[in-house]
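Peer 1: sequence and predicted structure are below.
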Amino acid sequence: MRKGSAVDLTLKESDDTLRSETVRLLESGVGKMIQPPDVEGFREWNRAKSKRLVDKRMSEAEAVRRFIRDGDYIGTELYGTVRCPMSLVHEIVRQGVTNLRVAGQGVLELDMLLAAGLVKALDLTYIGLEVYGLSNCLRREVETGRVEHVVEWSNAGIAWRFKAAAMGVPFIPVRSMLGSDTLKYSSAKVIECPFTGLPIALLPALILDAGLIHVHRADIHGNAQIDGISGFAAEMARASKRLIISTEEIVDTEVIRRRPDRTIIPYYLVDAVVEAPFGSHPGELCYRYARDEEQIKLWVEASKEPASTEEFLEKHIYRVADHRAYLDLFGQERLQALTHGAPGREA
Amino acid sequence: MSERSYNASELLICTASRLMEDGTTAFIGTGIPMLAASLAQKLQAPNLVTIFEFGGTGAILETLPLAVGGGCTFNRAIAASGIRDIVETAQRGFVEYGFLGGAQIDAYGNLNTTVIGDHDHPKVRLPGSGGGNDVGSNCWRTIAIMPHDRRRFVQTIDFITTPGYLTGPGAREAAGLPRGTGPFRVVTTLALLGYHPVSRRMQLLATQPGVSVEQVLENTGFELLLADCVEQNPPPSAEELRTLREAVDPDGLYI
């Protein structure tokens, strides 16, 4: 067993029946705590949040302008090529919201933020292009030091950190990451478990300033339903101070009430509802549309060099007014063709 | 391509596929593990329960996913949940096998997918852990699949992203990792490797067809132990190759 410093948990008011006990701290990750787990502040924030059933529909432009600020800590879900809020990410790039701190689980969406030079710090678990290899944008931004802090986590580690925030507690004990450099370069801690004596990793709750999630359907209030795998949507939604939902379609509240078991995100978590058909393009949305492989490959190629990266952003984001205009670049015929190859089988 | 010849990817896929047992649970990552699982389901392991980290459990692999969260990862599955449920299932001991890749591996099966060079000033920034650390920490037996050369099989890896046996016998348990878990096999273009039961160091179990023991040693940057009897892997069979080419990846996305 490694030597550790002792954290004093002695109760101030001594009671004969209480023994003085300490919990041994075995290891502390050296990574920066990019977003401290302020659970008391989070409770107060949530108390103040409106619980009224109001119409929260707005455009991407309005949602990003109102709910995401320079320097914010943000997160996206699911990731890259799968049910990803691409129309919202494009709008962040368009508005140039900068110095962002980001929960780094992603493919194309975080590539876009990195490509535009908007990211200052990352809690990183995976940023890559999956089948197409390493992320050129991550490499450029981290290897040049433009991303100032990179803190390591496992995939479930990030999801568990959201879960802790969703539980309203400051940390969660887990058995991943132990013994590795992933833990050493994180901001996790390892203690000797007071119940079993086993070393156990404590991951700090991760509370987002703003979360972005794309869903299959939502009503005007923000009650949102997802089909297929739910990734880490439930946890991230509950870990977000401000939550922007983009949705394939807006449905009547009666549709939600008919199948309340499908509601993963209740309205009171949500600040903005953005209607965004093909909102995950060029990624896929199960039962709705397939990946646009041609467009994904175009990005993979473009992202290899700074000049072609910039050209890509110019053409697909900066010179395009909004999501509707973005879709016009591809045309109805091509988008409809993607719906025929939609993955999964509807129940 | 004739039935008798095969390329490096096909060899890796067939070798890995033979390690997949019917009626077991296996955590599957993108790329070669997916093809191996699909092949195994069509041959010796029709009831192989595939587990994908973003929530797919028990998918029947009819088409090949390009993403671990893609629709094919829960095609005709028994459940579509989320990442926490999947990794917690492994954390409480339900997942037997975990299939992983890596940029670097050492003699104790520790894997690096984070950085080449110094962490804070990396020469090459790699994607990071992703689910790799969760798989290597919590699955009972992990199997790494990698091309075999001295740049990948190194004495000291630059960063331990995913724990193997760490510094040797007892190190995983001392770190708090679940008892009885750890690296099991490494499938490479040159060999099938395992771990010595006492020293926990990597050892050569079998060479791939046409590969000599010397070739394996020359391409390994650390001292590789030899099993008492080093065997020769049989080449991919005609049935394996036909199934792979006609049913698993007919569009040739990966092979």
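Peer 2: Now that the structure is in, tell me what you want to look at. Just so it is clear, the model here is predicted, and its values are computed rather than measured.
Peer 1: who touches B:Glu62 in this structure?
Peer 2: B:Cys72, B:Asn75, B:Arg76 (C-beta atoms under 8 Å, 6 or more residues apart in numbering or on different chains). C-beta coordinates here come from the backbone N, C-alpha and C atoms, glycine included.
Peer 1: most neighbours, which of the residues you listed?
Peer 2: B:Cys72 (24 neighbours; other C-beta atoms under 10 Å in any protein chain shown).
Peer 1: near chain A too, which of the contacts of B:Glu62?
Peer 2: The subset of the contacts of B:Glu62 within reach of chain A, by C-beta under 8 Å from any C-beta of the partner chain, is B:Cys72, B:Asn75, B:Arg76.
Peer 1: among those residues, which lie within strands?
Peer 2: Judged by DSSP state E, the ones next to chain A among the contacts of B:Glu62 include no members of strands.
Peer 1: how about these in JSON lines, adding pLDDT?
Peer 2: Formatted as JSON lines, those follow (pLDDT from 0 to 100):
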{"residue": "B:Cys72", "pLDDT": "86"}
{"residue": "B:Asn75", "pLDDT": "89"}
{"residue": "B:Arg76", "pLDDT": "89"}
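Peer 1: so which of the residues you listed is the closest to A:Val251?
Peer 2: B:Asn75 (25.8 Å; C-beta to C-beta).
Peer 1: that closest one and A:Pro343 touch, don't they?
Peer 2: Yes - at 7.3 Å, B:Asn75 counts as touching A:Pro343 under the criterion of C-beta atoms under 8 Å.
Peer 1: quick one: contacts for A:Ile264?
Peer 2: So, once contact is read as C-beta under 8 Å, 6+ apart, A:Ile264 ends up touching A:Val215, A:Ala224, A:Gln225, A:Ile226, A:Ser230, A:Ala233, A:Ala234, A:Ala237.
Peer 1: 7 Å - rerun?
Peer 2: Neighbouring residues of A:Ile264 by C-beta atoms under 7 Å, 6 or more residues apart in numbering or on different chains: A:Ala224, A:Gln225, A:Ile226, A:Ser230, A:Ala233, A:Ala234.
Peer 1: can you classify it by secondary structure?
Peer 2: Classification of A:Ile264 by DSSP: H, G, I helix; E, B strand; the rest coil places it in strand.
Peer 1: gap between it and A:Leu335?
Peer 2: Going from A:Ile264 to A:Leu335 by C-beta to C-beta, to the nearest Å gives 26 Å.
Peer 1: same thing with A:Gly344?
Peer 2: A:Gly344 is 18 Å from A:Leu335, by C-beta to C-beta.
Peer 1: between these two, which has more neighbouring residues?
Peer 2: A:Gly344 (23 against 15).
Peer 1: for the closest residue to B:Val211 other than its chain neighbours, give its distance to B:Ser17.
Peer 2: Leaving aside its sequence neighbours, B:Val211 sits nearest to B:Leu190 (C-beta to C-beta, 6 or more residues apart in numbering or on different chains; 4.9 Å). B:Leu190 sits at a distance of 18 Å from B:Ser17 (criterion: C-beta to C-beta).
Peer 1: quick check on these two: which one has the bigger neighbour count.
Peer 2: B:Ser17 (28 against 25).
Peer 1: quick one: contacts for the more buried one?
Peer 2: B:Ala36, B:Leu39, B:Ala40.
Peer 1: nearest residue to B:Gly176 in space, please, no chain neighbours.
Peer 2: Excluding its sequence neighbours, the residue lying closest to B:Gly176 (C-beta to C-beta, 6+ apart) is A:Pro199, at 3.0 Å.
Peer 1: quick check: that neighbour vs A:Glu27, distance?
Peer 2: On the measure of C-beta to C-beta, A:Pro199 and A:Glu27 end up 8 Å apart.
Peer 1: same deal with B:Gly130?
Peer 2: Counting by C-beta to C-beta - B:Gly130 and A:Glu27 are separated by 22 Å.
Peer 1: settle it for me: which of those two has more neighbours?
Peer 2: A count of neighbours by other C-beta under 10 Å puts B:Gly130 above the other of B:Gly130 and A:Glu27, at 27 against 19.
Peer 1: ok, now which ones touch the more buried one?
Peer 2: Contacts of B:Gly130 (C-beta under 7 Å, 6+ apart): A:Thr125, A:Tyr126, A:Asn155.
Peer 1: does the second one really touch A:Val107, like I thought?
Peer 2: To tie it back to what came earlier, the one meant is A:Tyr126. No - in this structure, A:Tyr126 is not within contact of A:Val107 by C-beta atoms under 7 Å, at 8.4 Å.
Peer 1: spit out the contact partners of A:Val190.
Peer 2: Per C-beta under 7 Å, 6+ apart, neighbours of A:Val190: A:Leu26, A:Glu27, A:Leu178, A:Pro199, A:Ile200, A:Ala201, B:Gly176.
Peer 1: those residues in helices, which ones?
Peer 2: Among the contacts of A:Val190, DSSP state H puts none in helices.
Peer 1: need these in JSON lines (columns: distance to A:Thr81 and pLDDT).
Peer 2: Output for the contacts of A:Val190, formatted as JSON lines (distance: C-beta to C-beta, whole Å; pLDDT from 0 to 100):
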{"residue": "A:Leu26", "distance to A:Thr81": "39", "pLDDT": "98"}
{"residue": "A:Glu27", "distance to A:Thr81": "36", "pLDDT": "98"}
{"residue": "A:Leu178", "distance to A:Thr81": "31", "pLDDT": "98"}
{"residue": "A:Pro199", "distance to A:Thr81": "37", "pLDDT": "98"}
{"residue": "A:Ile200", "distance to A:Thr81": "34", "pLDDT": "98"}
{"residue": "A:Ala201", "distance to A:Thr81": "30", "pLDDT": "98"}
{"residue": "B:Gly176", "distance to A:Thr81": "35", "pLDDT": "98"}
